[in-house]
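[1] sharing a sequence plus its predicted fold:
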Amino acid sequence: MGRYSDIRRGAELNAALVKLRAYEDLSRDQKQALYKTQRGSLVKVKANRVKGYVEAFGFTGRIFLPVKLLSTTQSANGTLIGTVRTAAAAEGRTNAVDFTVPSGGVLLDGLNGFKPAKLSLTERGAPVANNKSRVTDEEYQRFDNKSVSSPFGQGTDTETYAAAVADIKAQSAIESFLQTTGNRVSFTPEIL
């Protein structure tokens, strides 16, 4: 048996369960239509990407693998994209498609299953007016956040993933970005 406070919430929880089941019974098209009406005029960041290379953390030797990097010609959301691009590229952690492979380095274009390490920045946007959950119909606070990510690799042939993350976090552009309430930085390790 649960606590008395849980039992007292039975009617409220039952009403929420009824709303949840009604939402689950909707078709996929109906769910997507509800999402689009709630999403409204929010604009998704569409980053232009170009082919480039990163040096993998998990291999012995200088192995460079292909990735999609943020283009230098991006104009929309340029400040956010520029911050991510500059932070990821610092210390040679990203390489343009025409970079000079160092002596003893190998370009490995055909490796399946590789996912590079990623840096992601999320910029807190303005509060959104339509804050009702499309599932439960409850009000909650939402923001028009924008996120951009970029792959990165080793800056030197001996740099570890942890050292690269610490160096990127310590960059002045990242530190000043995080001073705004709600802005976030996150890292995803590579998968070989």
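    Yes, it's here.
[2] from now on I want contacts and neighbour counts done on CA atoms only, so please keep to that.
    OK.
[3] tell me the secondary structure for Ile81?
    helix (DSSP: H, G, I helix; E, B strand; the rest coil).
[4] quick one: end-to-end distance for stretch 181-192.
    When the termini of stretch 181-192 are compared using C-alpha to C-alpha, to the nearest Å, they are 35 Å apart.
[5] tell me which residues of that stretch come out buried.
    183-185, 187, 189-190 (16 or more other C-alpha atoms under 10 Å).
[6] where does the protein dip in pLDDT?
    Within the chain, the stretches with pLDDT under 70 are 1-2, 39-43, 75-77.
[7] spatially central residue for it, please.
    Nearest to the geometric centre of the chain sits Ser120, at 4.4 Å (C-alpha atoms, centre = their mean).
[8] strand partners (parallel or antiparallel) of the helix or strand where that residue lies?
    Per DSSP states H and E: Ser120 is located in strand 117-123. In the sheet containing strand 117-123, its partner strands are strand 146-152 (antiparallel), strand 184-188 (antiparallel), by DSSP bridges.
[9] ok now do the residue nearest to the centre of the chain, which residues does it touch?
    84, 147-150, 185-187 (C-alpha atoms under 8 Å, 6 or more residues apart in numbering).
[10] count of residues packed around Ser5?
    8 (other C-alpha atoms under 10 Å).
[11] buried residues of the helix or strand containing Gln32, list them for me.
    Gln32 is located in helix 28-39, with elements delineated by DSSP H and E. Residues of helix 28-39 classed as buried by neighbour count (16+ other C-alpha under 10 Å): Gln38.
[12] what comes up buried for the longest helix seen in the chain?
    For the chain, the helix with the greatest residue count under DSSP state H is helix 10-24. Using 16+ other C-alpha under 10 Å as the test for burial, helix 10-24 gives 16, 19.
[13] try stretch 66-82
    66-71, 80-82.
[14] show me the two of those that sit farthest apart.
    Using C-alpha to C-alpha, the pair of the buried residues of stretch 66-82 lying farthest apart is Pro66 and Leu80, separated by 23.3 Å.
[15] and which of the contacts of Ser120 is nearest Ser27?
    Using C-alpha to C-alpha, those come closest to Ser27 at Ser147, 28.8 Å.
[16] quick one, what contacts that closest one?
    45, 120-123.
[17] ok, now Val101?
    Val101 neighbours (C-alpha under 8 Å, 6+ apart): Leu107.
[18] now the helices: where do they sit in the chain?
    4-8, 10-24, 28-39, 78-89, 161-169, 172-178.
[19] okay if I get those helices as CSV plus distance to Val50?
    Listed next are the helices of the chain as CSV, based on distance: least, C-alpha to C-alpha, whole Å:
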stretch, distance to Val50
helix 4-8, 54
helix 10-24, 39
helix 28-39, 29
helix 78-89, 12
helix 161-169, 22
helix 172-178, 23
